[in-house]
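**Student:** Show me how the following folds:
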Amino acid sequence: MTRRQKDPLRALTEEERSWLERISRSQNEPASHVARAKQLLAVAAGDSYTEAARKSGRKSNDTVAQLVSRFNQDGLSAVVPQHEGGPQVKVLVYALAERKLRQKLAETGETVLNQVGKPIQTPTMRWIFQVFEGIDLLIVSQNGQVVSRQVLNIKKEHLTALRLLGPPVANCYNVDF
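**Tutor:** This next block holds a predicted model:
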């Protein structure tokens, strides 16, 4: 009989499930990423932590429990071991954002302008980040209290990208849709 899980896996979003399935089948991702993706998918399918560890070629159900707990808090970045640090997580987040933007552009039929002003539906996040470089935040304070915050230089192409990337990103720029 297995112990009750202290921190059960939260429901996966379709996007998370898709990424985990892709990583679990990858021959190019590090083996540790593939194993973690397989563990999360196994637990999501109802397997115990012990069974999930076994299916991914590992032995420790405690490691799976820690992974599930971290996934519940951090999402897909939990697939990257903590000791590996920043760059891998940044690449994963970058790839997720790029994928989401491209999917939304395809769904809506909208486009953004590339470096030469041509409308495209497959921008890189590097290009989107460059487009956003001219945006500034003006904070007005009086007697140590913030009186107002204003985002400057937002243009139509910025609003399009923000709307497509969704409320969490748009909120960073004080934009509501």
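**Student:** which other residues reach the helix ranked longest in the chain?
**Tutor:** Ranked by residue count, the top helix of the chain under DSSP state H comes out as helix 86-108. The contact list for helix 86-108, computed with C-beta atoms under 8 Å, 6 or more residues apart in numbering, reads 15, 19, 76-77, 79-80, 110-112, 121-125, 128, 161, 164-166. Every C-beta, even on glycine, is put in place using the N, C-alpha and C of the backbone.
**Student:** Sort out which of these are buried, if you could.
**Tutor:** Buried members of these, counted by 16 or more other C-beta atoms under 10 Å: 19, 76-77, 79-80, 112, 121, 123, 125, 128, 161, 164-165.
**Student:** what ranges of the chain fall below the confidence cut-off?
**Tutor:** Counting by pLDDT under 70, the chain shows low-confidence ranges at 1-5, 82-90.
**Student:** Quick check: the most far-flung residue of the chain relative to its centre vs Ala97, distance?
**Tutor:** Taking C-alpha atoms, centre = their mean, the residue of the chain most remote from its mean C-alpha position is Asn143, at 38.5 Å. To Ala97, Asn143 is 39 Å away according to C-beta to C-beta, to the nearest Å.
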